[in-house]
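Visitor: sequence first, predicted coordinates after that:
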Amino acid sequence: MKILITGGAGFVGANLAQWLAARGHRVFVMDNLVRRGSELNLPRLKEQGITFVHGDVRCAEDFVALPKDIEVVLECCAQPSAIDGYANPLFDINNNTIGLLNTLEFARRCGAGLVFWSTNKTYAGVHINKFPVVEQDSRWVWDKAAIAAEYGDKLPAGFDPDHGFSAEFTVDGKDHSIYGLSKIMADLACQEWSDAFGVKTVINRFSCLAGEGQFGKSAQGWVAWWAIAFHFGLPLKYIGWAGKQVRDALFIEDICRLIETEIGMLDQLAGRVFNVGGGRDITLSLREATALMERRFGWSVPVVYEEDPRKADHCIYISDIRPLTAATGWTPQVTVEEGYDRIIRWVVDHEDELARLYLDQPAKRAVLHAAG
């Protein structure tokens, strides 16, 4: 099968490209290489016979260089930070919405299916955060007794305190972030193109994606960033909720297994929307990630606290993956501990590359290791 991956030199895209190429697919990746570190993936893609096209989804003309018989498009590219868009909202819209429209039109011309990377930021913080919570030692949890007292058996559609949020939850309201706004517009466009033009789209509203090969930072890709920061002795930051906010994590091997499954089921899944993550069994808070890194590395790093949460952030977000499992049979397998062990091995194996990205000079690395 001929597969195009937009954003294919990034963390998810590059891993997917290698996974699918290893299984006999003819893979093309398009990337503008704007995100620092993505260029480091190019030699590995070339080694597996993956064709790289230097292009930008914001430019419809850049699709001209691609084969006209692509069968599936995996739309992985994005401006992924939920906080940067407030300073330049049109940057998010152009990247995440206009770029997706260009990609949809390419898929329509080819007669290709499309799998879209949406996000939990399609759900407004004002609605996600309205359910009562209880503070525990290392995390916030939903207060099931208070929720039952307030809602009884009439919970809002798409929310279950035992399983989290499904795609039936409302996308209305303010406080999505500009990033979330750009993604929900693209998300709805995929649904419309599926209905109006017959483009077979599958929409995955992903929670927290992580794994080896992720050049993380505090604003995005924080799970990998925790391991990188500990390795180099760099400070961490808790932004709001005392570092006890909770996410479900999904690691790259499980992402690749899911996408391979969805590619094989495009006819059955066309037009469907799923919330995707580790689900209720694969969750962690920032504090829990810190404690796990302390156990793995044997040292601590400085932690900076900011009292106020980021705008549009969620206190607890867990994906209800039951509809996805029912539709595909897929379930995540990689635990938080195993996922972090893989990330740490990758950090150690690629220390020199990562040092060039995260440290100002080699001497600083030695100082940070000594401090650790």
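Guide: The structure has been received and is ready for your questions. Just so you know, these numbers come straight off a predicted model, no measurement behind them. Numbering: from 1, shown residues only.
Visitor: need the contact list for residue 49.
Guide: By CB atoms under 8 Å, 6 or more residues apart in numbering, the contact set of residue 49 is residue 21. Any C-beta I mention is one placed from the backbone N, CA and C, and that applies to glycine too.
Visitor: mind checking the SS state of it?
Guide: Per DSSP: H, G, I helix; E, B strand; the rest coil, the secondary structure class of residue 49 is coil.
Visitor: residue contacts, residue 142?
Guide: Residues near residue 142 by CB under 8 Å, 6+ apart: 131, 132, 133, 134, 161, 316.
Visitor: please redo it, this time with the cut-off set to 7 Å
Guide: Neighbouring residues of residue 142 by CB atoms under 7 Å, 6 or more residues apart in numbering: 131, 133, 161, 316.
Visitor: wait, isn't the first one in contact with residue 147?
Guide: Yes: here residue 131 reaches residue 147: they are 5.7 Å apart, a contact under CB atoms under 7 Å.
Visitor: hang on, the earlier thing: among the contacts of residue 142, which one has the most neighbours?
Guide: Tallying neighbours with other CB atoms under 10 Å puts residue 316 at the head of the contacts of residue 142, with 23 neighbours.
Visitor: how near is the closest residue to that residue other than its chain neighbours to residue 94?
Guide: The shortest distance from residue 316 to any non-neighbouring residue, by CB to CB, 6 or more residues apart in numbering, is to residue 246 (4.6 Å). Note on residue 246: its distance to residue 94, by CB to CB, to the nearest Å, is 32 Å.
Visitor: please, where are all the helices along the stretch 1-150 of the chain?
Guide: Assigned by DSSP state H, counting those that start in this stretch, the stretch 1-150 of the chain shows helices spanning 11-22, 42-47, 89-93, 99-110, 125-128, 144-151.
Visitor: same thing with the stretch 201-350 of the chain?
Guide: Per DSSP H, counting those that start in this stretch, the stretch 201-350 of the chain carries helices over the ranges 222-232, 252-264, 266-269, 286-297, 322-328, 336-349.
Visitor: with mean neighbour count and distance to residue 312 added, can I get those helices in CSV?
Guide: Listed next are those as CSV, based on neighbours: other CB atoms under 10 Å; distance: least, CB to CB, whole Å:
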stretch, mean neighbour count, distance to residue 312
helix 222-232, 24, 16
helix 252-264, 20, 24
helix 266-269, 15, 29
helix 286-297, 18, 17
helix 322-328, 17, 24
helix 336-349, 18, 25
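Visitor: now render the ones you listed as TSV, adding distance to residue 208 and mean pLDDT.
Guide: Shown next, in TSV, are those (distance: least, CB to CB, whole Å; pLDDT from 0 to 100):
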stretch	distance to residue 208	mean pLDDT
helix 222-232	6	96
helix 252-264	11	98
helix 266-269	23	97
helix 286-297	10	98
helix 322-328	16	98
helix 336-349	11	97
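Visitor: mind putting those in a markdown table, distance to residue 25 included?
Guide: Below are those laid out as a markdown table (distance: least, CB to CB, whole Å):
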| stretch | distance to residue 25 |
| --- | --- |
| helix 222-232 | 26 |
| helix 252-264 | 9 |
| helix 266-269 | 14 |
| helix 286-297 | 34 |
| helix 322-328 | 19 |
| helix 336-349 | 23 |
